[in-house]
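**Student:** Compute the structure for the input listed below.
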Amino acid sequence: MTRKKQHGRGRRKQDKKRPRDSAEGGDSRGESRGAGYKEIERTNTHFEAYYKHIVPEGEWDEFIAACRSPLPATFRITGTRLAAAQLRDQLEPMYFRELEGLQVDGEWIEPPRPLPWYPDRLGWHLNVTRILIRKHDALRRFHRFLINESEQGNLTRQEAVSMIPPLLLDVQPSHKVLDMCAAPGSKTTQLIEALHGNNETMPTGMVIANDADHKRCYMLVHQAKRLQSPCFMVTNADASLFPHVHLKDKDGKDKPLVYDRILCDVPCSGDGTLRKNLLVWNKWNPQQGPGLHGLQIRITRRAVQLLAVGGLVTYSTCSFHPGENEAVVAAILREFKGMVELVDVSDKLPELKRTAGLSSWPILSQKDGELLRTFEDVPEKQRTGRFPKTLFSPTAEEAEWMHLEQCVRINPHQQNTGGFFIALLKKTAPVNRRDARRNGLLPDEPEAEAAEADGSTEKVAETGKDEPVRMGKKRQRVFKEEPYVFIDPDDEDIKAIMEFYGLADTFPKHLLLVRSSNPKKKNNIYYVSPDIHSILANAEQSSLKIINTAVKLFSRSDSVKQACSFRACIEGLDVVFPHMSDKRCRQATLDDFRALVSTEYVNFDRFSSSVADFCRSVDYGCIALHVPASAGCLSPIRLLAWRGESAVRLMIPTGDRDHLKILLGIRVEIELPPQQESKKPKAEEADDKVTADVAGGDEGDKAAASAEAGAGDAVQPMDQVQEQAQPEAAAVDAAT
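**Tutor:** Residues are numbered from 1 along each chain as shown. This next block holds a predicted model:
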């Protein structure tokens, strides 16, 4: 959003004092942003008066002092478990330890340290301001390294407390997972990583990431495409009205999809982010939390309806307000009594310091600042709207069986984090007869199934009736999206690809598709998992709007020397590799890979004898090389290269080449363009600023096209080999 749109028409007055932007941690640390910026006072009378009654007794001074201090930066090492562990083992001695014992202007620099509660030392904490970074060469080098790894997707900037909900869900490779309010997507990437936790096989489950904002959906695409999962889909729907999705069973019959895990990180007032979002201090008022209470209940209710019996849902907010936290959980437990229960997570993440949930709380009146203890304290005229009955504490009898103390509150002063709230709910029984049929606990009723298949949504009535009350479809703004069209397995292009790359009959040809209104025009060939395939095939039976899915396996090549018109794509190599024969695939050594990443073009005779003989014997074009997991390589490495007349060149972008060097123990001194020195890395904007970069013709395609043009052959102009942007890859920039 431009400044003109934010401040209205006309030119902004030059002498107007504006609060300092706090989208990035550096700005919230009190660093100079130039003339014309007014320092925000970190105080709010109503905020302090109310939360003194919420924060545990004796902790207020520590709490408010932490709220007024800047928030440290935190990041995760991303990827599957083995790949992330391998990167971690290289980063610690190569980059992290050189910051130990560093002193700048008489101030000791705290080196990066692992978050004590995050598994496998994959979450890290960094408490260094941008001013200090500019003052020391070692810090500048480290900052450049973080920028590069973040933009390549190997590190993800994410608030520490935001990492907790996916960990509590304990996602397994077979789980069907729904992220209901997913943008900007940092938690979604955690879910995908957990789904692919088994490095050896493709998971049988899937992750559906949904957001109600169409533009923010494209940020999900940007965040998740770095993980290249064929088991991932982005959808655009109102979370409180998320439609039922249908799959095909083994007999070809439609069956409603129920989810094993649901992440419900709902819209909230966000006052727990006040350490980085300084505007909270100016804008906080008593009505912000209660104003979202109804929406939060509706979203969580829908999550319970969609959840499988025995499944788990995390409810979370970045708010301190009990009206957004315990009150919502209590309303769900009350509505689904005997069907949903709170899960005790006190034994999970044992190093995480937390506070128990509240069983009773006051609500602050907006007019006179009076504390309202019960619903009866609310003036008669305000009882139906501003202060609903569900906003207040449960009765003593309800509190006894609800066990709201099992909720988790994270306060800033406990481990130098933001504020957060998490509750883990388990569905123990179906919520009505239709839900029982979806879970296979009652036989199907054809009439009811036909009624479900029309795409309308449903809502469980609060009257206790066993059948849901029908609700009409919600009108949404229409956006044109290119269709997903599956390719005939006997298509001539598919036969040519199978022959050229030596793919076995086990290769899932029936899961290939193109995204185009003209399916005969196959510039790119994509792959989806069986469950995603089933959802796409049944898309007409629901009102679900699909924004993006699939992983690119093959792209049309302009090379006249390769016998096949399609080159393989690095994004989909993990899908293709298990089905490749020795025809165009060969095992290499770590020394072979070191040669490939260290030199642009590698002559055949520089390889080990096995790889050199393979390169001389194989036809011109795309080849695959791999190194299995070993003592020197925790995770298997698979790469695509272009075999030219007398040399081989990797088909990867420069950033990925540097990342491979690090994995192989080669230190990289990363030089960035001057303008990038002061530019905030895209990954740093997760959870507090919306950005999207899903433009087609990505760097991987450019690198592959460049590899085709090189490797000892006549170089084609880049504009002749770059691909056209795909319809789904419209760049979107929006700021919250």
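
**Student:** going forward, measure contacts between C-alpha atoms and count neighbours the same way
**Tutor:** Noted.

**Student:** all strands of the stretch 101-250 of the chain, in order?
**Tutor:** If DSSP state E, counting those that start in this stretch is used as the criterion, the strands of the stretch 101-250 of the chain fall at 103-104, 107-108, 113-114, 123-126, 155-157, 176-179, 206-211, 232-236, 246-248.

**Student:** Just name whatever secondary elements the fifth one is in contact with.
**Tutor:** In terms of contacts (3 or more C-alpha pairs under 8 Å, 6 or more residues apart in numbering; DSSP states H and E), strand 155-157 is packed against strand 73-77, helix 137-151.

**Student:** ok, now with 10 Å
**Tutor:** Strand 155-157 makes packing contacts with strand 73-77, strand 123-126, helix 137-151, helix 186-195 when contacts are defined by 3 or more C-alpha pairs under 10 Å, 6 or more residues apart in numbering; DSSP states H and E.

**Student:** so which of the strands of the stretch 101-250 of the chain comes closest to residue 655?
**Tutor:** Of all the strands of the stretch 101-250 of the chain, the one in closest proximity to residue 655, counting by C-alpha to C-alpha, is strand 155-157 (12.7 Å).

**Student:** Walk me through which strands that closest one pairs with, and which way each runs.
**Tutor:** Note on strand 155-157: by DSSP bridges, its sheet partners are strand 73-77 (antiparallel).

**Student:** Pick out the shakiest of the helices and strands packed on strand 155-157, pLDDT-wise.
**Tutor:** Note on the helices and strands packed on strand 155-157: helix 137-151 shows the lowest mean pLDDT, a mean of 81.

**Student:** Report the buried residues of that helix.
**Tutor:** 139-151 (16 or more other C-alpha atoms under 10 Å).

**Student:** now that helix: how far from the chain's centre is it?
**Tutor:** With C-alpha atoms, centre = their mean, to the nearest Å as the basis, helix 137-151 stands 22 Å off its chain's centre.

**Student:** can you redo the buried residues of helix 137-151 as JSON lines with distance to residue 181?
**Tutor:** Supplementary listing: those in JSON lines, determined by distance: C-alpha to C-alpha, whole Å:
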{"residue": "139", "distance to residue 181": "36"}
{"residue": "140", "distance to residue 181": "36"}
{"residue": "141", "distance to residue 181": "36"}
{"residue": "142", "distance to residue 181": "33"}
{"residue": "143", "distance to residue 181": "31"}
{"residue": "144", "distance to residue 181": "32"}
{"residue": "145", "distance to residue 181": "31"}
{"residue": "146", "distance to residue 181": "28"}
{"residue": "147", "distance to residue 181": "27"}
{"residue": "148", "distance to residue 181": "28"}
{"residue": "149", "distance to residue 181": "26"}
{"residue": "150", "distance to residue 181": "23"}
{"residue": "151", "distance to residue 181": "24"}
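
**Student:** which one of these is nearest residue 186?
**Tutor:** Taking those together and measuring to residue 186 by C-alpha to C-alpha, the closest member is residue 150, at 12.2 Å.

**Student:** now that closest one: how far from residue 658?
**Tutor:** 13 Å (C-alpha to C-alpha, to the nearest Å).

**Student:** now swap in residue 76 and tell me
**Tutor:** For residue 76, the distance to residue 658 (C-alpha to C-alpha) stands at 19 Å.

**Student:** more crowded one of those two?
**Tutor:** Neighbours per residue (other C-alpha atoms under 10 Å) separate residue 76 from residue 658, with residue 76 holding more: 26 against 22.

**Student:** gap between the more buried one and residue 44?
**Tutor:** Taken as C-alpha to C-alpha, the span from residue 76 to residue 44 is 33 Å.

**Student:** same thing with residue 154?
**Tutor:** Distance, residue 154 to residue 44, by C-alpha to C-alpha: 39 Å.

**Student:** Are we agreed that residue 623 is in a strand?
**Tutor:** Yes - the assignment for residue 623 by DSSP: H, G, I helix; E, B strand; the rest coil puts it in a strand.

**Student:** between residue 154 and residue 44, who's got more neighbours?
**Tutor:** residue 154 (21 against 14).

**Student:** Quick check on that one: phi, psi?
**Tutor:** Here the main-chain torsion angles of residue 154 (degrees, to the nearest 10) amount to phi -90, psi -20.

**Student:** what's near enough to touch it?
**Tutor:** 76-79, 83-84, 87, 146, 148, 226-227, 656, 659, 683 (C-alpha atoms under 10 Å, 6 or more residues apart in numbering).

**Student:** ok, the residues you listed vs residue 360, which is closest?
**Tutor:** Within these, distances to residue 360 taken as C-alpha to C-alpha reach their minimum at residue 76, with 35.7 Å.

**Student:** Was I right to think the closest one contacts residue 126?
**Tutor:** No - the criterion here is C-alpha atoms under 10 Å, and residue 76 misses it with residue 126 at 11.2 Å.

**Student:** Quick check: neighbours shared by the two?
**Tutor:** The overlap between the contact sets of residue 76 and residue 126 (C-alpha under 10 Å, 6+ apart) consists of 114-115.

**Student:** Give the buried residues for the longest strand along the chain.
**Tutor:** Of all the elements of type strand in the chain, the one with the most residues (DSSP state E) is strand 307-317. Of the residues in strand 307-317, those scored as buried under the neighbour-count criterion (16+ other C-alpha under 10 Å) are 307-309, 311-317.
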